[in-house]
Each structure stands twice: as structure tokens, then as C-alpha cells.
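**Q** below are the sequence and a predicted model for it; my questions follow.
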Amino acid sequence: MLVEGKQKVQVFSIKRACPSCGTSFAELDPRLFSFNSKHGWCEDCYGTGLQLEGFDEEQSGEEAAWNEWLGDETHACETCHGQRLNPVALHVRFRDRNIADLTRLPVDDTLDFIGKLRLSRREAEIARDLMAEIKSRLGFLQRVGLGYLPLDRSAPTLSGGEAQRIRLAAQIGSNLQGVCYVLDEPTIGLHPRDNRVLLDALAELARHRNTLVVVEHDEDTIRRADHVIDLGPGAGVRGGEVVGAGTVEDLKKNPASLTGRFLANPLKHSAEPRRPTGTRAAQLKLEKIELHNVRGEDISVPVGRLVVITGVSGSGKSTVARDVLYTNLKRLVGQAARGKSRSGKLPELAGVGAVRGAEHIQRVLEVDQTPIGKTPRSCPATYIGFWDDIRRIYANTTEAKIAGYTTSRFSFNTGEGRCPACEGQGMQTIEMNFLPDVKVLCDSCRGRRFNSETLSILWRGKSVGDLLAMNIDDAVEFFAAHAPIHHALRLLQDVGLGYLTLGQPSPTLSGGEAQRIKLVTELAKVRGPERRGPRQTSPHTLYVLDEPTVGLHMADVEKLIHVLHRLVDAGNTVVVIEHNLDVMAEADWIIDMGPEAGAGGGKVVAAGPPAAIVARSAQSHTGHVLKEFLAERRA
């Protein structure tokens, strides 16, 4: 053929083979572009995009052993460079992009790419039904607040809320009718703006003649419900009853309903923060943050204050609070505690140009929702530490001294005092063929963990086994005369955990319960001025918490806010990643990230006390919803 006036021969073939080297290719098949199929996956990483030793085509990647690897993008496959597909699939292009280039885009950008396509007549005929389906499915992801997610995001890197909303988007697109959907706290991790989008999506499902049963603490969700079932009146053994059922207005009029009480009389917030945040306050300064979607930002965190970092999902909150602030301060404070390194150099910083003000912090702690222990032997009494005091009480009884028992006799972890049948666990594991193992109450001790000789030692009519089965609310009164034990128990009660037993096995605790037990452990260490000697000081601790209100009722959120203030009043700095508006309203300082998610985020939209964020409501999604919220909640 002629090319630009010059004669040039170009050879085309309908045989899918190269006339020069003889390499031939099979007819293109949709399976070629799937990394879940052996026809398309990279033969070295089996479609994971990662370099995994010991991984083969017989494994799904959903095995627990691979979850941590699959969540780390730092081990990209050297053959496909993380693109997951084989070379043939990656050499097929449309508009100069292969399929991996397209799926690497976030949902929002993919929709934008599809919307701007100009197709030829033949292309339009082929894509007529496909384009409508693609736009529809991407639109559903947008509507549940997931427009920032890349299409190729690995499942282990998704939060529980994100995974749940992906499944919800699939259901919205199914157009099914007569289905009963059960959702467990779908608003987890959602900014109030995205929360409203989600609620609109749920309402659409209901309009299609479906039934939605939603387990939820979120106030907006409760207020939009057609029918509310309120369980209580308390938690644990003090709950389990239907205390109210009906509309929100019915609940407000029900004196037995704690939920109704908070709906009728929500928390009030003062117009001014509890603590001044002027320029004279000591500051932690993060200069030139360069990590993930946060690029070149300088962020200041006032020391000795309650600081809330907020913004829409994917805006960069965790990057700032956990990956930069927590990670680097832990290194700097750790080195300061050990003394300077032999070379005299500061530790290498991660994702930030410089950190100023680290000298104000003596200790750094992330209070997360990971379990406090992995075996039934771990429980609130042992984790917080007051079980040692209880053991000393029993060892000092007359009966124990006559028998020659020491404190070790009253340990269920080791020693001769524990039940030999269950080794102090209170439970026995029965192995089942072809079924998961089953845990049952120990036949020998009936769950009390100790042998009969140890259980025969009584104090105030109770054995140590009886105390482990006692709930915290009852134990507060029982130990009223023992200050150290009573103090820890009151703290557990203050954070809303009075329904737990002293020996509650750690594996049975929720993430929120575990996090609050960790907070109590910290509060128990705090020595206020009235309890300190003249020369005693508590180390200034920086606490980092990631959405501590997850799973909390409105009454428990109020208790949590009091706990956070107590930590700050004790001379510490508390940094909280949070979407809850009550927590935002109580902050001394808010750092609002955004304005959007992913590439559209990563910037400090506004920073200051709540009033300053409200003043930026035109630019800040947080400021907009906080303005409406505070208009109703000012004390």
C-alpha cells in the first residue's frame, strides 16, 4: 500500500501467524483476558500479580496464609509486573490501552474513559449492549460511594465496609424483586456524605419490592427506617429483650428505649473546643508528605489535644495518621528512648520529608481493634492486669495459708491449681471429621478453669471460678473496698463494657470491645496530679485510633468521647481517624482531607477547630455536613 506518497509493502494475514518467525496465536477468547483463568493468567504468578513462593494453580488465594501477602503490593511479579495476565493478553490493545491499563483505573476514571469514547460504526455495533452494561455496573459502584476504588484492587486490601458495598452494588444491578437482604452495619467506614448515597441505594432496593433488614447504630440510618426493632435494655446478659418496635417517633416516646432517648435528646456540643489551639501550642509538624495519594502536603498536629482526621473514604486519612505520623514517630521516639544510634544519624523517615516536634512525645501507641489475645486463657482481667491483685487476695486467706497455697495456685495459665482436663481454658475442643472443630464447656470444671481444691478456697463467699464468671457491673460493687481493682473495673464500666465477665475469653470479643479494653488498660496507667508524687510524671503518649466508634451505640459513643477527653486531660495527644459527627464536634482540632478520594484527594481541605471547618463548608464535604449537624446540636 502507499504510505505518505512512498511505496511501501505491508503484509496482512488472516491466519493469526507471523510470516517472519512463524509464531501463531489462537483465536481471541474472553477467557484470555481473565486472570482467574489459566487461559489468561500470568504463568509465573497464576494471576495474583505477586511473587509468592509456594503458590500454584491449585490454590485460590483465599487461603488464610496468603491474605497478608495478597494485601502487600511490595512483592510484584517480576514477569507481569503486577498486571496478572500473560504477554499475549497484554499485547491486545484498544485505544492504545491493554486491559490491565484500563482495570488499573479507579471506577470514576473508567466511567470517564467510557463516556468519552468515540466509536466507529462497526465498533458501535459490537459494543452496543456491552457499553450500556459496563456503564450501568460502574454507576452502581459509584452510587454506593466506591468511585475511588481501582477496578483491580485485591480483595484482601478491601475493608469490610468496602467489600459489603461491592456486594450491595451487585444486588442493585440485579433488578431482583421479593428478596430479603440482611446487612450488618453497612455504614462502617463511610463519611456522612457517602452515607447518604448508600441510604439512597438501600431505599431503591426497597422500592423494588425487596425487604431490607439492617443491623445498624448509625443515627441517619435509624431515622430513615420504616420500622425499628430496639433490643436491650442493656448488653450481654442484661439484654436480649425487645424494648421497642415501630417508627422512630414511637421509639422516641418509649421510656424503656435507650435508642429512643438518644433520638429524642441527642448529645449537645459547646460552640468552643475544650482546649485552646492557638499558635503558641506545641506542634508536631509533618513536612512534604509524599505517600500514596498525599503529595507534598505539610500538616501540623497540636500536641496535648484531641485531634480528629476526617474526610471521605479514600481521601488519605490513614496515610497521614497511621502510615506517616504513627510510623515515623514510633521510630523517632523509640530511638530517643534507646539513645542515639552509634552513627548518630536519625532513623530513615517513611513518606515524609521531615518531622518536627517529636521531642514533645515520649511514647507512641496505636489502639486498634486487633484481638487482645488468641486463646481463651486471655481475658479482660488478665489483659488489664488486676487478676494478679485478685490472686494475692485469695493467697492471703486463712484457708489458703493453711493449705500452703501461694498466688501461683490461683493462676489458670500454669501451675497445679488449674483444671487438668481443660488446662485452665474452661473449654474443651472436640475434633470433628469433615467438619470444623467444636468447643464445648469442660465436663470437669464446668467452665470455671480451676480444680476442686482451688475452688474450695472462698473469699466473701466466692471462689476464683465464681469471680471469673461475674460480670463487671457486679464486680464493681464487690471490690468497692479494693482501690486498684475497683478503679480498673469502674473504667471498664465507664466505656460501656459492664456486661462482660471478668473471664470473658478474648476470642469472643468484638473488635470494638477489644479496642475499648486497650483504652482502659491505658487509662488504668494514668496517674492524675492527685495520685502522683511531687516528682512523678506520666510519659506524654501519642495515641492513634482508627474509627473507634465502629459498632458502637449512640450511648457508647458518648462514653467513648469521655474516655478520649480523659486521656487528653491526663497530658496526652489523641489522634482519631473518624467519620462520626459527635466525635468531630468534640475535637479540639480537625484535619479534613480530600476533597475527594484517590487521585482527587490527598490534600488538606481545611484544618482548625470545628468552627473553622464549618466556615469552609463550600469547599469541604465535612464542613457542609458538620454545619448542618452543629446547627441542631449546640448546647
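**A** Received the coordinates, thanks.
**Q** tell me where the stretch 1-150 of the chain has helices.
**A** 64-70, 87-90, 99-103, 107-115, 121-143 (DSSP state H, counting those that start in this stretch).
**Q** those: which one's closest to L458?
**A** helix 64-70 (44.1 Å; C-beta to C-beta). The way it works is simple: take the backbone N, C-alpha and C, and place the C-beta from them, glycine included.
**Q** ok so, going back, save the helices of the stretch 1-150 of the chain as a markdown table, and put in mean neighbour count, distance to G426 and mean pLDDT too.
**A** A markdown table is the format used below for the helices of the stretch 1-150 of the chain (neighbours: other C-beta atoms under 10 Å; distance: least, C-beta to C-beta, whole Å; pLDDT from 0 to 100):
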| stretch | mean neighbour count | distance to G426 | mean pLDDT |
| --- | --- | --- | --- |
| helix 64-70 | 14 | 26 | 55 |
| helix 87-90 | 17 | 55 | 95 |
| helix 99-103 | 18 | 50 | 95 |
| helix 107-115 | 16 | 48 | 94 |
| helix 121-143 | 13 | 46 | 91 |
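**Q** A421: which of those helices is closest?
**A** Closest approach to A421 among the helices of the stretch 1-150 of the chain (C-beta to C-beta): helix 64-70, 29.4 Å.
**Q** any low-confidence regions in this structure?
**A** Applying pLDDT under 70 to the chain flags residues 1-6, 58-72, 74, 337-344, 527-537, 635.
**Q** how long is stretch 199-217 end to end?
**A** 14 Å (C-alpha to C-alpha, to the nearest Å).
**Q** quick one: contacts of that stretch?
**A** Stretch 199-217 has contacts (C-beta atoms under 8 Å, 6 or more residues apart in numbering) with 140, 143-144, 168-169, 171-172, 175-187, 220-222, 224-226, 551-554.
**Q** among the residues you listed, which lie within strands?
**A** Residues of the contacts of stretch 199-217 located in strands (DSSP state E): 180-184.
**Q** scan those residues and report the most crowded one.
**A** The residue in the ones in strands among the contacts of stretch 199-217 with the most neighbours, by other C-beta atoms under 10 Å, is L183 (20 neighbours).
**Q** leaving out chain neighbours, which residue sits closest to that residue?
**A** Excluding its sequence neighbours, the residue lying closest to L183 (C-beta to C-beta, 6 or more residues apart in numbering) is V214, at 4.8 Å.
**Q** ok but that neighbour is inside a helix, no?
**A** No. Counting by DSSP: H, G, I helix; E, B strand; the rest coil, V214 is located in no helix; its state is strand.
**Q** count of neighbours near it?
**A** Neighbours around V214, by other C-beta under 10 Å: 19.
**Q** now it: how far from L523?
**A** Distance, V214 to L523, by C-beta to C-beta, to the nearest Å: 33 Å.
**Q** before we move on, what about L291?
**A** From L291 to L523 the distance is 32 Å (C-beta to C-beta).
**Q** ends of stretch 522-542, what's the gap?
**A** End-to-end distance (C-alpha to C-alpha), stretch 522-542: 11 Å.
**Q** from E73, how far off is L52?
**A** Distance from L52 to E73, by C-beta to C-beta: 13 Å.
**Q** the two: which is more packed in?
**A** L52 (19 against 11).
**Q** still on that earlier bit, of all the helices of the stretch 1-150 of the chain, which lies closest to I457?
**A** helix 64-70 (42.0 Å).
**Q** doesn't A354 fall inside a helix?
**A** No. With three-state DSSP as the criterion, A354 is strand rather than part of a helix.
**Q** I'd guessed it sits against E287; true?
**A** Yes. Shown here, A354 and E287 form a contact pair, counting by C-beta atoms under 8 Å, at 4.3 Å.
**Q** and the two? which has more neighbours close in?
**A** Using other C-beta under 10 Å, the more surrounded residue of A354 and E287 is E287, with 15 against 12.
**Q** looking at this, the more buried one is in a strand?
**A** Yes. If the criterion is three-state DSSP, then E287 is within a strand.
**Q** just the buried residues of the contacts of stretch 199-217.
**A** If you count burial by 16 or more other C-beta atoms under 10 Å, the buried members of these come out as 140, 143-144, 168-169, 171-172, 181, 183, 185-187, 221-222, 225, 551-554.
**Q** from R392, how far out is Q83?
**A** 62 Å.
**Q** more crowded one of those two?
**A** Q83 (23 against 12).
**Q** identify the residue nearest that one in space, chain neighbours excluded?
**A** Per C-beta to C-beta, 6+ apart, closest to Q83 is A100, 3.9 Å.
**Q** repeat that for S136.
**A** Nearest to S136 is G173, by C-beta to C-beta, 6+ apart, at 6.2 Å.
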